[in-house]
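Peer 1: Turn this into a structure:
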Amino acid sequence: MEDTLQRLLAAELQAEKIASLAEEEQDRIIQTALTDAKAENERFTGRLPELHRSFVAKAQERAEQNIAELRRRYDERHVQLRDQAEQREEQALEAAFAILIDPHR
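Peer 2: Below you'll find the predicted structure:
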């Protein structure tokens, strides 16, 4: 009986030792994870200015493309209006002369 108690006591001590080692390993893993997370957070925070510059550059590029497209449309419309004005120039001159010659008309 005493031998059985000794073995149980030894098994309990061994189990406590294993549990203690497991807790230490768990604490080590948690600390490593926290350290890694902090490092990644610092790395990301350090990249924020770069990410911001990239975002601003892309936004500026899109704005310049939109401005170029608006200018192209404006130029096309300007040409159309100029063509219409030239086509109706003679009519406008005739109407103006008619009003000058006969203002009561």
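
Peer 1: Could you list the low-confidence segments of the chain?
Peer 2: Scanning the chain for pLDDT under 70 picks out 105.

Peer 1: which residue is nearest the middle of it?
Peer 2: residue 55 (6.0 Å; CA atoms, centre = their mean).

Peer 1: what's the neighbour count on residue 71?
Peer 2: Look at residue 71: counted by other CB atoms under 10 Å, it has 10 neighbours. C-beta coordinates here come from the backbone N, C-alpha and C atoms, glycine included.

Peer 1: Could you export stretch 14-29 as PDB, CA atoms only?
Peer 2: The C-alpha trace of stretch 14-29 is given here as PDB (Å, rounded to 0.1, in the frame of the first residue of the first chain):
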ATOM      1  CA  GLN A  14       5.200  14.700 -12.200                       C
ATOM      2  CA  ALA A  15       1.800  15.900 -13.300                       C
ATOM      3  CA  GLU A  16       2.300  19.200 -11.500                       C
ATOM      4  CA  LYS A  17       5.700  19.600 -13.000                       C
ATOM      5  CA  ILE A  18       4.200  18.900 -16.500                       C
ATOM      6  CA  ALA A  19       1.400  21.400 -15.800                       C
ATOM      7  CA  SER A  20       3.900  24.000 -14.600                       C
ATOM      8  CA  LEU A  21       6.000  23.500 -17.700                       C
ATOM      9  CA  ALA A  22       2.900  23.800 -19.900                       C
ATOM     10  CA  GLU A  23       1.900  27.100 -18.200                       C
ATOM     11  CA  GLU A  24       5.400  28.400 -18.700                       C
ATOM     12  CA  GLU A  25       5.300  27.500 -22.400                       C
ATOM     13  CA  GLN A  26       1.900  29.100 -22.700                       C
ATOM     14  CA  ASP A  27       3.200  32.300 -21.100                       C
ATOM     15  CA  ARG A  28       6.200  32.300 -23.400                       C
ATOM     16  CA  ILE A  29       4.000  31.800 -26.500                       C
END
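
Peer 1: Distance from the chain centre to that stretch, please.
Peer 2: Relative to its parent chain, stretch 14-29 has a centroid offset of 45 Å by CA atoms, centre = their mean, to the nearest Å.
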